[in-house]
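structure, please.
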Amino acid sequence: MQENKPQETKAWDKDILLERVLHNQEIYLAVLKVFIEEIPQLSKKLKDEILKGNFKDIASIAHNIKGSAFNITANILGAIASYIEKAAKEKNIDEISKLSHLLDEQLRFLLAELNAQI
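Numbering: from 1, shown residues only. The predicted structure is shown next:
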């Protein structure tokens, strides 16, 4: 009997990122290290602003996460951050709360994959 396994989804695309840095391993690793260091801090700031209900800062931080994520080809994380940014502009705290949990989950998954690269 064959076991049903969940379909794996790539948290990011290493090959595209390598193309973006012209296959320069040094730059590639530097980009990953900066992301690994900065994004958890932004995520914490985002959580703090969500608790405060500060929609302007939620949108700004989500925008920064979105840009950083898309820059390293972490498209799922970038899309979630984009939805948070939109929800903040609409002042929809319920949607922001739901999405922030997805963002945390995706970020944990992504960071585990990135840490395995360095």
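
any idea which element the spatially most central residue of the chain lies in?
The chain has residue 77 as the residue nearest its centroid, 3.5 Å off, counting by Cα atoms, centre = their mean. Under DSSP states H and E, the secondary-structure element containing residue 77 is helix 75-89.

chain center to that helix: distance?
In terms of Cα atoms, centre = their mean, to the nearest Å, the gap separating the centre of helix 75-89 from the centre of its chain is 9 Å.

how far is the longest helix belonging to the chain from where the chain is centred?
Secondary structure of the chain per DSSP state H: the longest helix is helix 25-52. Chain-centre distance of helix 25-52: 8 Å, with Cα atoms, centre = their mean.

what's downstream of that helix, the next helix or strand?
By DSSP H and E, the next helix or strand past helix 25-52 is helix 55-71.

for that next one, which positions count as buried?
Of the residues in helix 55-71, 55, 57-66, 68-69 count as buried by neighbour count, 16 or more other Cβ atoms under 10 Å. All C-beta atoms are positioned from the backbone trio N, CA, C, and that covers glycine.

quick one: residues in contact with it.
Helix 55-71 is touched from outside by 31, 35, 38-39, 42-43, 45-46, 49-50, 75, 77-78, 81-82, 84-85, 88-89, 91, 96, 103, with contacts defined as Cβ atoms under 8 Å, 6 or more residues apart in numbering.

below-threshold pLDDT in this structure: ranges please.
By pLDDT under 70, the low-scoring segments of the chain are 1-9.

rerun that using 90 as the cut-off
Applying pLDDT under 90 to the chain picks out residues 1-10, 118.

residue 80 touches residue 106, doesn't it?
Yes - proximity of residue 80 to residue 106 meets the contact threshold set by Cβ atoms under 8 Å, at 5.9 Å.
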